[in-house]
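Q: Give me a 3D structure for the following:
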Amino acid sequence: MRLRHRLRGPLDSRVWAESCGAGRRMITTLITALKLTTGEKVWYTPLAKPGTRVNNAAAVSVIPGVAFVAGSDGVLHALSTADGKILWEYNTAREFETVNKVPAKGGAINSIGPTIVNGMLFIGSGYAVSGNNFGNVLLAFSLE
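A: Okay, here's the model as predicted:
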């Protein structure tokens, strides 16, 4: 089975995703901000590094001025909501030392997005819906 999806409208018509059987190849991964009243593209930011296959299927979480986006590569991005520039990124797909000394490794972030509460950002890393980027960590970030 071969499915091809071309993204039209406010996105560049050259951007497309192709699915072949159980595999998936992303030509490019973009996060796009649209003006809700008109559908006009305000900005877009490519997130995948050249030559990589990334699925940014996790929910996007937003606080004033910042959108948090994560994907199958385990990278958590903070984007400016004003212009889409990458403000910060953190690779969660690695081993972590834990407080209880149990081995832990991050991986894909393919389902839920970050939870933000009381100045803290929490994200589960390693839930690989597809592929093999599995892990088992819950990460907590703060400004301090």
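Q: Which parts of this protein are strands?
A: With DSSP state E as the criterion, the chain has strands at 2-6, 16-20, 23-26, 30-34, 41-46, 61-63, 66-70, 75-80, 86-91, 95-96, 104-105, 115-117, 120-125, 137-142.
Q: deepest of those, which one?
A: The highest average neighbour count among the strands of the chain, using mean count of other CB atoms under 10 Å, belongs to strand 66-70 at a mean of 22. Any C-beta I mention is one placed from the backbone N, CA and C, and that applies to glycine too.
Q: still on that earlier bit, figure out which of the strands of the chain is closest to Thr52.
A: Relative to Thr52, the nearest member of the strands of the chain by CB to CB is strand 23-26, separated by 8.4 Å.
Q: Check the closest residue to Ala33 other than its chain neighbours and give its pLDDT.
A: Leaving aside its sequence neighbours, Ala33 sits nearest to Val42 (CB to CB, 6 or more residues apart in numbering; 4.3 Å). Val42 carries a pLDDT value of 86.
Q: So Val42 is in contact with Leu36, correct?
A: No. Counting by CB atoms under 8 Å, Val42 does not reach Leu36; the two are 10.0 Å apart.
Q: about what we covered before: if I look at the residue nearest to Ala33, how far off is Ser80?
A: 11 Å (CB to CB, to the nearest Å).
Q: Leaving out the residues flanking it, which one is nearest to the residue nearest in space to the middle of the chain?
A: Geometric centre of the chain, nearest residue: Ala70, 2.2 Å, by CA atoms, centre = their mean. Nearest non-adjacent residue to Ala70, counting by CB to CB, 6+ apart: Ile109, 3.7 Å away.
Q: any idea how far that neighbour lies from Ala82?
A: Using CB to CB, Ile109 is found at 24 Å from Ala82.
Q: of these two, who's got more company?
A: Taking neighbours as other CB atoms under 10 Å, Ile109 and Ala82 compare with Ile109 leading, 33 against 11.
Q: For that one, give me its contacts.
A: Ala58, Ala70, Gly71, Ser72, Gly74, Leu76, Thr92, Ile123, Gly124, Ser125, Tyr127 (CB atoms under 8 Å, 6 or more residues apart in numbering).
Q: Good, we can wrap up now.
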